[in-house]
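1. Just the structure for this:
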Amino acid sequence: MAEYIYPAPGSAGAVTLTLKASGDTTGLVVPSLQDVTVNNANDVFTWTQLDQGSKLQIATTATNSLSMNIVLDQDTFFGVTTADEAAKTSGIFGLSKDKTLVTFDLTMGPESDGATGKTLSGSAYITGLAPTVSADSPVWVSPITLTVSGDYTVA
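-> Residues are numbered from 1 along each chain as shown. This next block holds a predicted model:
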């Protein structure tokens, strides 16, 4: 039987995202994740040859990113002064505004048999913040994208 990744809604801590700036020990755990999308888009080089009836292709470098929506928390978004923890002090907005390269760990949740699931890690820049509020959503929410610099690490 397959062991599915199983981040069931309502399971506390099933999916977690932690951001760390250089020198951080514990980092900033991003609360209130609504959804997460892991992107790995390989570019493809395409060419034609006179002796072929179809185009030929080969995969090249990938563009990697994590995109998600979060409910905004005052301290997490704008930061709160914490000794020796730059990510917590800057907050998500400050890390994005200052173009800080962060490391991230995305724990994808346990497997369906209860075993510990995988964690994706890497280095990224925070982009795509666009906080909104409306009558139908009376709390501030924002998309957030982690544009990955380099490859993912899976552990």
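2. Who does the spatially most central residue of the chain form a beta bridge with?
-> By Cα atoms, centre = their mean, the chain has its centre lying nearest to L66, at 3.6 Å. On the basis of DSSP bridges, L66 is bridged to V38, L146.
3. Test my guess that it contacts I126.
-> No: the pair L66 / I126 is not scored as a contact, 10.0 Å apart, by Cβ atoms under 8 Å. C-beta: built from backbone N, CA, C; applies to glycine.
4. Overlap of the contact sets of these two?
-> Counting by Cβ atoms under 8 Å, 6 or more residues apart in numbering, the contacts common to L66 and I126 are T145, L146.
5. show me where pLDDT drops low in this protein?
-> 1, 7-13, 112-114 (pLDDT under 70).
6. what's the longest helix in it?
-> Longest helix in the chain by number of residues (criterion: DSSP state H): helix 86-97.
7. Would you mind pulling the contact partners of it?
-> With Cβ under 8 Å, 6+ apart, helix 86-97 has contacts from 19-24, 26-28, 30, 75-82, 98, 100, 102, 125-127, 129, 144.
8. Downstream of it, the next helix or strand is which one?
-> Of the helices and strands lying after helix 86-97 in sequence (DSSP states H and E), the nearest is strand 102-107.
9. Report all helices and strands that that following strand contacts.
-> strand 16-20, strand 119-127 (3 or more Cβ pairs under 8 Å, 6 or more residues apart in numbering; DSSP states H and E).
10. Show me which positions of the longest one end up buried.
-> Pointing back at strand 119-127 there. L120, S121, G122, A124, Y125, I126 (16 or more other Cβ atoms under 10 Å).
11. Dump the residues you listed into a markdown table; add distance to T48 as well.
-> Listed next are these as a markdown table, based on distance: Cβ to Cβ, whole Å:
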| residue | distance to T48 |
| --- | --- |
| L120 | 37 |
| S121 | 39 |
| G122 | 35 |
| A124 | 36 |
| Y125 | 36 |
| I126 | 40 |
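12. All good on my end, thank you.
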